[in-house]
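Enquirer: coordinates only, sequence not included:
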C-alpha cells in the first residue's frame, strides 16, 4: 500500500516536472517524492554503511555550514573558495538564504549534505547552471552513486526538454556523456569535507579527485569531427 | 488544431511505450505517431535535400530488397553479409517476413530505408538487440540525424527502464554514451546502398564509415577505472 502511494506521488511529481522543469520547486518536489520512502532511505544508508569510508562519513557527517561569501570572494584567484564565491555571485545565488537542513542521523545527513554542496559540485565538475548543465551534473551524480534520485531528475528533465525545447536535446546529450564519463572516472565526491579544501587551487582539487575535465572535453571535441561529412565508400 | 491532435497522439503512444517498451508494437506505434505529421516529414525532407549527397540519395533511393539469407549465410566468415545472416539467425529474425514498404517518394523512402536497414545498423555499430543495446542505437541515430523519432524512442525507453527495471539504468547509460560518441564520429550511415557492401569484410566497412568501436569501447573501459575508490585528499 505504501509502495502504491509512493508510486503515485513520484508519478505526479515527475509529470509536474515534465510540464515545467524550469521551476526549481518542481525539481525539489520530485527529489522529495523519490527520496520520501523511509524504507528506500534505510536501504540506501545500509548499502552505504557497508563501505568503511562511507560508514565513517555517515558517523562524522562533515558539514559545509554558513559561509562568509565576502571573505571567500577575497581569497586568491584560482582557489576553490574564490571560484565558488565567483560562481555564486555570477549566478545570483546565496546559499545563506536557504535553510541549513538538520542532520541528526545518517539518512538526513545524506540529503542535507547533497543539498548544501550542490553548487560546489557545479564548480569542480565545470557544469554550468543551465538546464543542459544540470542534466549533465545529474548524470554525473548517477554515475557516481547509482541512485534513483539523480536518475529520476535526469529522466524527467530529458522528457521536459524533448517535449518543450527539442533543439536543446542535441546540446544536452554531450553534457550527459560528459557527466557519465567524468563521474565514472572520478573518485567519490560524496562525503567530502569541502571546508578544508576552500584554500586549495581548484585545479589541484580536481586532480586529487581524478576529475579529468580536459581529457573528457578533448574526447567530446574529437568525436565531433566527422559528423557532417558524407559516407563515401570506395568502389 | 492538427498540432494538438498530433501532440495527443504522441503523448498516448509515448505513455503506452513507457508502460511496456518490451512490446515492439508499442515502439512502432510511437515511431508512427512521431513521424505521422506530413508537415514534419516535409520539413525533414526539405532539410535533407539541402545537402547535395542526401538529395542524391533521396532521388536514387537505394533499397535493400529481399535477401536470400541461406546464400548470405554461406558467404565467407567476417564479411558484412555473413555477419548479418548470423546476427539474424542468432536473434531469430527474418526480415523477409516483414512487409517491404513502398517508397514512391522521398518521405516514404526515409521511413522504408530506415526500417529495412535497422538490423544492419545493429551489426556495423555492434549494439546487441537487448533493450540497453536498442537505447544505445537510438542515441546513435539521434547523434547522426538530430531527428525527433530516435530521440523520442530513446526517452520513452529510458522512462520505461527507470520505472520498471531501474537496475538496468546503470547498464544502459554506457550504451547511450557509446551510441552518442560512435554516432557523432562516424560518417553518415543513412542512405548507404548496403547491397553493394555485403561481400566486404565487416571491419573494412566499419573503417570506411569511421565507426571506431575499439576506440570508444577502450574509452568506456578506461573511464570505469576509479569508480569505487575513495576520495582521499592529502592534508
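Expert: Ah, there it is. Everything numeric here is computed off the predicted structure, so don't read it as measured data.

Enquirer: rest of the way, CA atoms for contacts and neighbours
Expert: OK.

Enquirer: Tell me the secondary structure at residue A:171.
Expert: The three-state label given to residue A:171 by DSSP: H, G, I helix; E, B strand; the rest coil is helix.

Enquirer: wait, residue A:224
Expert: Taking three-state DSSP, the label given to residue A:224 is coil.

Enquirer: Wait, it touches residue B:184, no?
Expert: Yes. Using C-alpha atoms under 8 Å, residue A:224 is in contact with residue B:184, at 5.3 Å.

Enquirer: How much space separates the closest residue to residue A:202 other than its chain neighbours from chain B?
Expert: In this structure, residue A:202 finds its nearest non-sequential neighbour in residue A:80, 4.5 Å apart by C-alpha to C-alpha, 6 or more residues apart in numbering or on different chains. From residue A:80 over to chain B the distance is 14 Å, taken as C-alpha to the nearest C-alpha, to the nearest Å.

Enquirer: Strands of chain A, residue ranges please.
Expert: With DSSP state E, there are no strands along chain A.

Enquirer: If we ignore the residues flanking it in sequence, what's nearest residue A:133?
Expert: The shortest distance from residue A:133 to any non-neighbouring residue, by C-alpha to C-alpha, 6+ apart, is to residue A:127 (4.9 Å).

Enquirer: In contact with that neighbour, which residues?
Expert: A:133, A:134, A:136, A:137 (C-alpha atoms under 8 Å, 6 or more residues apart in numbering or on different chains).

Enquirer: Now, the residues you listed that are in helices?
Expert: Judged by DSSP state H, helices contain the following of the contacts of residue A:127: A:133, A:134, A:136, A:137.

Enquirer: Could you dump these into TSV and include pLDDT, distance to residue A:58 and neighbour count?
Expert: Converted to TSV, the ones in helices among the contacts of residue A:127 look like this (pLDDT from 0 to 100; distance: C-alpha to C-alpha, whole Å; neighbours: other C-alpha atoms under 10 Å in any protein chain shown):
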residue	pLDDT	distance to residue A:58	neighbour count
A:133	97	29	21
A:134	96	26	21
A:136	98	26	29
A:137	98	23	29
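
Enquirer: Which one of those is nearest to chain B?
Expert: residue A:136 (12.0 Å; C-alpha to the nearest C-alpha).

Enquirer: How much space separates the closest one from residue A:111?
Expert: From residue A:136 across to residue A:111, the span is 20 Å (C-alpha to C-alpha, to the nearest Å).

Enquirer: Residue A:94 too?
Expert: 19 Å.

Enquirer: Between the two, tell me which one has more neighbours.
Expert: residue A:111 (17 against 12; other C-alpha atoms under 10 Å in any protein chain shown).

Enquirer: Just list the residues touching the more buried one, thanks.
Expert: Contacts of residue A:111 by C-alpha under 8 Å, 6+ apart: none found.

Enquirer: Per-residue pLDDT of it, please?
Expert: You'll see residue A:111 listed with a pLDDT of 89.

Enquirer: where's it relative to residue A:36, distance?
Expert: With C-alpha to C-alpha as the criterion, residue A:111 and residue A:36 are 11 Å apart.

Enquirer: try residue A:215
Expert: From residue A:215 across to residue A:36, the span is 37 Å (C-alpha to C-alpha).

Enquirer: quick one, what contacts the nearest residue to residue A:158 once chain neighbours are set aside?
Expert: Leaving aside its chain neighbours, residue A:158 sits nearest to residue B:155 (7.1 Å; criterion: C-alpha to C-alpha, 6+ apart). The contact partners of residue B:155, taken as C-alpha under 8 Å, 6+ apart, are A:155, A:158, A:159, A:162.

Enquirer: do the same with residue A:61
Expert: Residue A:61 makes contacts with A:103, A:106, A:109, A:191, as judged by C-alpha under 8 Å, 6+ apart.

Enquirer: what's the closest non-adjacent residue to the first one?
Expert: By that I understand residue A:103. Closest to residue A:103 by C-alpha to C-alpha, 6+ apart is residue A:109, at 4.5 Å.

Enquirer: repeat for residue A:183
Expert: Closest residue to residue A:183 apart from its sequence neighbours, by C-alpha to C-alpha, 6+ apart: residue A:140 at 4.5 Å.

Enquirer: Is the one you found in contact with residue A:179, as I believe?
Expert: Yes. Counting by C-alpha under 8 Å, residue A:179 is a contact partner of residue A:140 at 4.1 Å.

Enquirer: show me where pLDDT drops low in chain A?
Expert: Within chain A, the stretches with pLDDT under 70 are A:1, A:37-38, A:225-235.

Enquirer: Would you mark the buried spots in the lengthiest helix in it?
Expert: Longest helix in chain A by number of residues (criterion: DSSP H): helix A:106-125. Buried residues in helix A:106-125, counting neighbours by 16 or more other C-alpha atoms under 10 Å in any protein chain shown, are found at A:106-107, A:109-113, A:116-117, A:119-125.

Enquirer: Pick the one among those closest to residue A:42.
Expert: If you rank the buried residues of helix A:106-125 by distance to residue A:42 using C-alpha to C-alpha, residue A:107 comes first, at 7.0 Å.

Enquirer: dump the residue contacts of the closest one.
Expert: Contacts of residue A:107 by C-alpha under 8 Å, 6+ apart are A:41, A:42, A:45.

Enquirer: ok so, going back, tally of neighbours for the residue nearest to residue A:183?
Expert: Neighbour count for residue A:140, taken as other C-alpha under 10 Å: 29.

Enquirer: that older thread, ok, residue A:215 and residue A:36, which is more surrounded?
Expert: Ranked by neighbour count (other C-alpha under 10 Å), residue A:215 and residue A:36 place residue A:36 first, with 14 against 11.

Enquirer: What's the separation between the nearest residue in space to that one that is not next to it in sequence and chain B?
Expert: Spatial nearest neighbour of residue A:36, excluding adjacent residues (C-alpha to C-alpha, 6+ apart): residue A:6 at 7.8 Å. According to C-alpha to the nearest C-alpha, residue A:6 stands 12 Å off from chain B.

Enquirer: Residue A:70 too?
Expert: Distance from residue A:70 to chain B, by C-alpha to the nearest C-alpha: 26 Å.

Enquirer: Kindly report the same for residue A:54.
Expert: From residue A:54 to chain B the distance is 9 Å (C-alpha to the nearest C-alpha).

Enquirer: How many neighbouring residues does the spatially closest residue to that residue that is not a sequence neighbour have?
Expert: Distance criterion C-alpha to C-alpha, 6+ apart; nearest residue to residue A:54, sequence neighbours excluded, is residue A:48 at 5.9 Å. When neighbours are counted by other C-alpha under 10 Å, residue A:48 registers 18.

Enquirer: likewise residue A:31?
Expert: For residue A:31, the neighbour count with other C-alpha under 10 Å is 20.

Enquirer: Test my guess that it contacts residue A:149.
Expert: Yes. Using C-alpha under 8 Å, residue A:31 is in contact with residue A:149, at 6.0 Å.
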